[in-house]
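Asks: got a structure for you, letters missing:
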């Protein structure tokens with residue numbers, strides 16, 4: 001099961017790094033300013049950033065795990081971006 005969220009924001013790289021640093025205290029994370037990979041127990045999140053877009057990919061075994069992964073990533077991004085209203089819409093692939 002896979003899904004993708006494409007979020008327009010001029011702070012894409014900053015949010016990518018903030019998400020990765022946050023989760024790296026508890027779970028395996030690899031990242032650069034432009035790409036990130038977060039390994040959750042329920043699945044894998046991969047992130048990429050351009051100057052204007054943050055893209056998040058979620059990959060999980062079951063629909064329930066995918067929904068949980070989307071929720072965790074979305075809630076944390078919304079918390080970090082509280083000054084900027086973001087539209088986080090996951091599209092299942």
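Replies: Okay, I see it. Here the structure is a predicted model, which means the values were calculated and not measured.

Asks: which residue ranges form the helices in this protein?
Replies: 12-23, 63-80 (DSSP state H).

Asks: and residue 54, how many neighbours?
Replies: The local packing of residue 54 (other Cβ atoms under 10 Å) involves 25 other residues. From N, CA and C alone the C-beta is placed, and that goes for glycine too.

Asks: now do the contacts for it.
Replies: Counting by Cβ atoms under 8 Å, 6 or more residues apart in numbering, residue 54 touches 6, 7, 9, 12, 15, 16, 47, 48, 77.

Asks: can you do 7 Å?
Replies: 7, 9, 12, 15, 16, 47 (Cβ atoms under 7 Å, 6 or more residues apart in numbering).

Asks: next: residue 91.
Replies: 3, 4.

Asks: repeat that for residue 68.
Replies: By Cβ under 7 Å, 6+ apart, residue 68 lies in contact with residue 42.

Asks: ok, residue 1 next?
Replies: Applying Cβ under 7 Å, 6+ apart to residue 1 gives the contacts 60, 61, 62, 63, 66.

Asks: pLDDT at the last one, what is it?
Replies: According to the model's per-residue confidence, residue 66 sits at a pLDDT of 98.

Asks: do the fourth one as well
Replies: The model reports residue 63 with a pLDDT of 97.

Asks: can you tell me the closest non-neighbouring residue to it?
Replies: residue 1 (5.8 Å; Cβ to Cβ, 6 or more residues apart in numbering).

Asks: many thanks, I have nothing further to ask.
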